[in-house]
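Student: Requesting a structural model of the entry that follows:
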Amino acid sequence: MADHVDRFYAALTVLAGHGHIKQRLIKAYEDNLVEIDEDDIPVALKQTFADLRQSMHRVSPHNGESHVCASVRKMSVDEASECAIRLVSLYGEISRWSGDAQVSLPRNDETPPRIPPFLVESV
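Tutor: Presented below is the predicted three-dimensional model:
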């Protein structure tokens with residue numbers, strides 16, 4: 001699951017970059033998310049990911065372009081933006097699921113918390 005979090009994060013960095021939304025969406029998806037298997041996604045997020053994948057593969061390619069390029073090319077700017085929003089939302093949800101799986105470290109309550117000097121009242 002941590003690998004998926006890293007892949008979604010990498011896709012987000014592409015989405016936040018320069019260029020037209022459609023170009024960024026194609027690069028983000030093809031370079032980072034196309035190889036993710038839906039069965040590796042948490043059950044609660046599987047349908048959202050399947051919907052994103054369906055949107056990115058809905059058009060048959062022509063002249064050697066990929067399904068993703070063909071599908072995004074046919075999208076309006078608003079549709080491409082909606083896919084980008086879904087991708088961001090999925091990243092947030094997957095990172096929360098990944099965080100739930102992590103073990104919390106025990107806290108040593110014997111050591112008093114360190115108070116920064118600027119918070120200590122002087123007499």
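
Student: okay, CA-based contacts and neighbour counts for the rest of this
Tutor: Noted.

Student: By residue count, what's the longest helix in this protein?
Tutor: The helix spanning the most residues in the chain, taking DSSP state H as the definition, is helix 77-101.

Student: What is the burial count for the residue nearest to residue 18 when sequence neighbours are not counted?
Tutor: With sequence-adjacent residues excluded and distances taken as CA to CA, 6 or more residues apart in numbering, residue 18 is closest to residue 24, at 7.6 Å. By the other CA atoms under 10 Å criterion, the neighbourhood of residue 24 contains 21 residues.

Student: quick one: contacts of the helix or strand in which residue 24 is found?
Tutor: Residue 24 is located in helix 21-32, with elements delineated by DSSP states H and E. Residues outside helix 21-32 that contact it (CA atoms under 8 Å, 6 or more residues apart in numbering): 7-8, 10-12, 14-15, 17-18, 68-69, 72-73, 77, 80-81, 83-84.

Student: do stretch 71-82 as well
Tutor: For stretch 71-82, the external contacting residues (CA under 8 Å, 6+ apart) are 21, 22, 25, 26, 55, 56, 57, 58, 59, 60, 61.

Student: Can you give me the first-to-last residue distance of it?
Tutor: Stretch 71-82 stretches 14 Å from its first residue to its last (CA to CA, to the nearest Å).

Student: Let me see the mean pLDDT of that stretch.
Tutor: Looking at stretch 71-82 alone, the average pLDDT works out to 96.

Student: Could you check that stretch and say which residues are buried?
Tutor: The neighbour-count check on stretch 71-82 (16 or more other CA atoms under 10 Å) flags 71, 72, 75, 80 as buried.

Student: Count the neighbours of the closest residue to the first one other than its chain neighbours for me.
Tutor: Excluding the flanking residues, the one nearest residue 71 by CA to CA, 6+ apart is residue 59, at 4.7 Å. Residue 59 has 18 neighbouring residues, counting by other CA under 10 Å.
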